[in-house]
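[1] got a predicted structure here, sequence first:
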Amino acid sequence: MPHRSVPERTEAARNELGGRRFVNGKMSALSPSLPLMSEPGRHPSLLQRLYAVWLGFLRWLLHLWVRSTVLPEQLDELDIDPNQPLIYVLDNYALTSLLIVDQISRDLDWPRVRKPVQIGNTWLSRRYASSRRHRGLLIRRPETRRHSPILRQLLLETDPEELGKVQILPVTVLVGRAPDNEDSIFKILFSENWDVGGRLRRLVGTLINGRATMVQFGKPLPLSRLLNETTDAEQALGRLSRVLRVHFKRVRTAAIGPDRSHRRTLVEKVIRTDSVQAAISAKARRDSISTDKATAIARKYAMEIAADYSYSVVRLGDLLLTWFWNRIYRGVKVQHFSSFREAAPGHEVVYVPCHRSHIDYLLLSYLLYHRGFVPPHIAAGVNLNMPLIGPVLRRGGAFFLRRSFRSQPLYAAVFNEYVSVILSKGVALEYFIEGTRSRTGRLLPPRAGMLSITVRAFLRYRNRPVLFQPVYIGYERLAEGNAYIHELSGHQKKPESLSDLRNVINILRKNYGEVTVSFGEPVHLKHLLDAHHPDWAVDPDSNGKPAWLQGLVDDLAEQILVNINRSAHVNPVNLLATALLASRKHALDEDDLERFIGLLKSVITRSPFGERITVTELEPGQIIEYGLELGVIQRQDHRLGSIIKVDGHNAVLLTYFRNNTAHLLAMNAWVACCFLNAQRVRKARIRSLTRTVYPFLKRELFLPWQAEELDPVIDDTIDRLIGLGLIRESADRLQRTPGGSDQAYYLRLLGNSMVQTFERYFITVSVLAKNGSGQLSRSQLEQLCILCAQRISLLHEFEAPEFYDRTLFKQFIESLTESGILGRDEDGGLVFDQRLEQFASDAKLILDKEIRHTIIQTAPEKLELDIE
């Protein structure tokens, strides 16, 4: 890969020279394996020159084969001061590692690793040290030492004032990244456990894995900080050595993972746990079978569940996926990864991405692997455990679970214990708390089962704090788009099968644009535990299933989804979809579209969602050209000006991408909706309506603000729209600009982008009102709402199956119940009072008379359709 450069160094730093140093009248022997460089003012000897040429030849020869991935990708993150001395510290000395780092320092125009350096009056024979070193010709054993001789000389002999300027740069070189559960031959060939195999292993490993070499630079450690903590050089040396050891261990653990037991060994460990043994005994009693037979059933469950991680499969997958991504995508952007890299060390990491596509887990594992992190163990549905595919996924880190196992206590015990065991061993996990792929583009309500299992596992073992890492994944086209429309239209989901592999050929023929993977703000489990139950660490009930656990898990799930939304990236397709679907015929004058896209970008960038929200850097005109090139929109030339439009099928597909970022425009679009049927509205009226509507929007779109935070958010939204010229303020009233103006047109488009949400709300209220209090069960209400929405979409909207998605109606009904507007009688019927009528009355401000009349007339009664 091409290396990045750091800021230009000064001429003095560029021309640093060095030589030998004499201590007590003798030449210091700081590098027994390398000839010492000559002291300043003297020419190097013939032997030294020959040795330098020999190393240069070896470096050249090595890099005919070796290809290094340098991390972090943005080396500016390291904040290296080019004007201060730099000392490299390797985790473990090996000549190949030294030559690899030397080549990188040469390519980056950094100070060369093997060159001597003068720091004050101290001359070091080389610019690198090593935390560990092995000795021996064939059988190499760790050298017994506490500190690097170079670091010892540096700290003991250098003037403190000059020493404070030194930057210690940790460098980890990994040639192959197999964990320690591989069989012996693979351990020798692939692993980075350097205690095995000596020089032969290193040679063979370099030949096999040279093109998978990872070089990770840590942030420089300024010695000034250590010197501020202690003036004792020996003490400072000890602290520096400890800090380096901890750093290298964390980097290696993140890149290679913890030691992993063989799959069968892990299964037997799970079977022997107390909880599984108790479940086995209960199974034997309940089914009148022997304990041995119940144990065999438990073992079968465990083998069905357990991953069988194989580095060789991961390497092969890396090669295939690199080709695949380059074939179908223009690029993959990763955002905010550096903040995750800083937060992850010392934690058990659980990745919790949104779920948009089967590509999600392949993409995230691939990106983590290429950024120095071991791919996580991924919870996958048992439907993916197919012949051929299942074993490959299992060796890539997948472990399988059934969709539901409430009625299978033995399976539940085995699964819970398996997750607990691998989490306690430090294995990173990944799962999708939505439970399934979103068919509409919105985040789905959480299914918190895996979260509950994870929290209980931590409360039992408490090895390291748990960090949940939300991840937003944004696509510009979806391979499953047509399948999602088919399912939303009421057709049965087609089960996964090997025949689906044929679809890969069709996928390879298309351009899927760019993918953005954005790392959100992490959620620390300990912080939530402290908030929900401050005494959790000493409470003996914490090891079981305490009463406060469910509330904590619910809050955890909501916070994860909110943080996913707060790290969204707005791509060109999101903007095109939002703009064109807000127009009556999904077509706009090209100039109007360009200006409205610019307006949407301004609204989003000024919204208070946080610094992790990003928007495409393309200008509005470039966005339109990009959409044309991608094939998601069409241009129709006309003498009065070009029209940009989207056909019926693409319009349905684009609803997915509009919904991806609907939460970012929600508050702005809501205020715009208040002016769809009114010229003027009192500010107090908008505040009052917002307090009524917000709980439903918050639940559907996972908005971040609590009820008590709402008034400042409303005022900020109003001020933003005033600043953009869309509305005006006069005393205590707000008014839109005169009809026919561009601003009035764009305000209407902004409101239209969300009006379908309020149409669904009104459908629900109308169906309840027409049938009467206590007349419908929840399932009956859902079914009637879906039928009404289907008819409305045929009469007034384009045929978009996401408009009548059951999940959206289900969420709204749950919100009505939680707010107390809906209740249940003894027979399970939904009861309501006059507050529902007020809700219907408020809709007059948002929905025009025609759509309200159609919904009221279309709303079906249970008796008409004989729905049970």
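    Thanks, I have it.
[2] poorly predicted segments of the stretch 251-400 of the chain, please.
    Applying pLDDT under 70 to the stretch 251-400 of the chain picks out residues 259-261.
[3] all helices of it, in order?
    263-272, 274-287, 291-305, 311-328, 337-343, 359-370, 389-395 (DSSP state H, counting those that start in this stretch).
[4] and of these, who's closest to Asp232?
    Asp232 lies closest, by C-beta to C-beta, to one member of the helices of the stretch 251-400 of the chain: helix 337-343, at 29.7 Å. Using the backbone N, CA and C atoms, a C-beta is placed for each residue, glycine as well.
[5] hmm, who's touching the closest one?
    For helix 337-343, contacts defined as C-beta atoms under 8 Å, 6 or more residues apart in numbering pick out Pro72, Gln74, Glu77, Arg371, Gly372, Leu467, Gln469, Phe519, Pro522.
[6] what is whichever strand or helix holds Arg106 packed up against?
    For Arg106, the element it lies in under DSSP states H and E is helix 95-107. Using 3 or more C-beta pairs under 8 Å, 6 or more residues apart in numbering; DSSP states H and E, the elements in contact with helix 95-107 are helix 46-62, strand 68-71, strand 86-92, strand 167-175, strand 213-217.
[7] pull the CA atoms of that helix into PDB?
    C-alpha atoms of helix 95-107 as PDB (Å, rounded to 0.1, in the frame of the first residue of the first chain):
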ATOM      1  CA  LEU A  95      15.700  -8.800  11.600                       C
ATOM      2  CA  THR A  96      12.700  -9.000   9.200                       C
ATOM      3  CA  SER A  97      10.700  -6.700  11.500                       C
ATOM      4  CA  LEU A  98      13.600  -4.300  11.600                       C
ATOM      5  CA  LEU A  99      14.000  -4.300   7.800                       C
ATOM      6  CA  ILE A 100      10.200  -3.800   7.300                       C
ATOM      7  CA  VAL A 101      10.100  -0.800   9.600                       C
ATOM      8  CA  ASP A 102      13.300   0.600   8.100                       C
ATOM      9  CA  GLN A 103      11.700   0.400   4.600                       C
ATOM     10  CA  ILE A 104       8.600   2.200   5.900                       C
ATOM     11  CA  SER A 105      10.700   5.000   7.600                       C
ATOM     12  CA  ARG A 106      12.600   5.400   4.300                       C
ATOM     13  CA  ASP A 107       9.300   5.600   2.300                       C
END
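[8] excluding sequence neighbours, find me the nearest residue to the residue most central in space within the chain.
    Closest to where the C-alpha atoms of the chain average out (C-alpha atoms, centre = their mean) is Val471, at 2.3 Å. What sits nearest to Val471 in space, not counting adjacent residues and going by C-beta to C-beta, 6 or more residues apart in numbering, is Pro353, at 3.7 Å.
[9] please tell me I have it right and the one you found contacts Ile564.
    Yes: with contact defined as C-beta atoms under 8 Å, Pro353 reaches Ile564; the gap is 7.4 Å.
[10] common neighbours of the two, please.
    With C-beta under 8 Å, 6+ apart as the test, Pro353 and Ile564 both reach Pro470, Val471, Tyr472.
[11] ok so, going back, highest average neighbour count across the helices of the stretch 251-400 of the chain?
    For these, average neighbour numbers computed from mean count of other C-beta atoms under 10 Å are highest in helix 359-370, which has a mean of 22.
[12] which other residues reach that one?
    69, 314, 317-318, 321-322, 325, 332, 334, 351, 353-354, 374-376, 378, 380, 396-398, 430, 432, 471, 473, 479, 515, 517.
[13] if any of these are buried, give me the PyMOL selection for them.
    Provided next is the PyMOL selection string for whichever of those are buried by 16 or more other C-beta atoms under 10 Å:
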select buried, resi 69+314+317+318+321+325+334+351+353+354+374+375+376+378+380+396+397+398+430+432+471+473+479+515+517
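[14] what about stretch 529-541, start to end distance?
    With C-alpha to C-alpha, to the nearest Å as the measure, stretch 529-541 spans 13 Å from end to end.
[15] same question for stretch 105-121.
    The straight-line separation of the ends of stretch 105-121 (C-alpha to C-alpha) is 25 Å.
[16] and for stretch 801-812?
    Stretch 801-812 end-to-end distance (C-alpha to C-alpha) = 17 Å.
[17] what sits up against it?
    Here stretch 801-812 has contacts from 439-442, 444-445, 485, 488-490, 652, 655-656, 659, 696, 699-700, 756, 760-761, 763-764, 781-782, 785-786, 789-790, 792-793, 797, using C-beta under 8 Å, 6+ apart.
[18] turn the helices of the stretch 251-400 of the chain into CSV, columns for distance to Val166.
    Output for these, formatted as CSV (distance: least, C-beta to C-beta, whole Å):
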stretch, distance to Val166
helix 263-272, 45
helix 274-287, 53
helix 291-305, 51
helix 311-328, 37
helix 337-343, 23
helix 359-370, 32
helix 389-395, 45
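[19] now do the strands in the stretch 451-600 of the chain.
    With strands called from DSSP state E, counting those that start in this stretch, the stretch 451-600 of the chain shows them at 466-474, 514-519, 523-524, 569-570, 587-589.
[20] buried residues in the lengthiest helix in the chain?
    When the chain is parsed with DSSP state H, its longest helix is helix 742-771. In terms of neighbour count (16+ other C-beta under 10 Å), helix 742-771 has its buried residues at 743-771.
[21] quick one: contacts of the following helix or strand past that helix?
    Downstream of helix 742-771, the first helix or strand assigned by DSSP H and E is helix 778-795. Helix 778-795 is contacted from outside by 759-760, 763-764, 766-768, 771, 776, 799-800, 803-804, 806, 809-810, 813, 828, 830, 851, 854-855, 858-862, 865, 867-868, using C-beta under 8 Å, 6+ apart.
[22] could you give the average pLDDT over the helix or strand hosting Ser420?
    Secondary-structure assignment from DSSP H and E places Ser420 in helix 409-424. Mean pLDDT, helix 409-424: 94.
[23] before we move on, the earlier item: can the helices and strands packed on helix 95-107 go into TSV with extra columns for mean pLDDT?
    Converted to TSV, these look like this (pLDDT from 0 to 100):
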stretch	mean pLDDT
helix 46-62	84
strand 68-71	90
strand 86-92	91
strand 167-175	92
strand 213-217	92
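[24] mind putting these in a markdown table, distance to Pro572 included?
    Below are the helices and strands packed on helix 95-107 laid out as a markdown table (distance: least, C-beta to C-beta, whole Å):
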| stretch | distance to Pro572 |
| --- | --- |
| helix 46-62 | 43 |
| strand 68-71 | 29 |
| strand 86-92 | 42 |
| strand 167-175 | 37 |
| strand 213-217 | 33 |
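[25] just to revisit the earlier point, just the buried ones among the contacts of stretch 801-812, please.
    Judged by 16+ other C-beta under 10 Å, buried ones among the contacts of stretch 801-812: 439-442, 444-445, 485, 488, 652, 655-656, 659, 696, 699-700, 756, 760-761, 763-764, 781-782, 785-786, 789-790, 792-793.
[26] filter the contacts of helix 337-343 down to the buried ones, PyMOL style.
    Remark: buried members of the contacts of helix 337-343, expressed as a PyMOL selection using 16+ other C-beta under 10 Å:
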select buried, resi 72+371+372+467+469+519+522
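[27] let me know the closest of the contacts of helix 337-343 to Ser131.
    Closest to Ser131, out of all of the contacts of helix 337-343 and judged by C-beta to C-beta, is Gly372, at 17.7 Å.
[28] any idea how far that closest one lies from Arg299?
    Gly372 sits 36 Å away from Arg299, going by C-beta to C-beta, to the nearest Å.
[29] ok so, going back, among the contacts of helix 337-343, which two are most distant?
    The span of these, defined through C-beta to C-beta, is set by Gln74 and Leu467 at 22.2 Å.
[30] any stretches of the stretch 601-750 of the chain with poor pLDDT?
    Checking the stretch 601-750 of the chain against pLDDT under 70 turns up nothing.
[31] so which residues of it form helices?
    Under DSSP H, counting those that start in this stretch, the stretch 601-750 of the chain gives helices at 620-630, 648-660, 662-673, 683-701, 710-723, 742-771.
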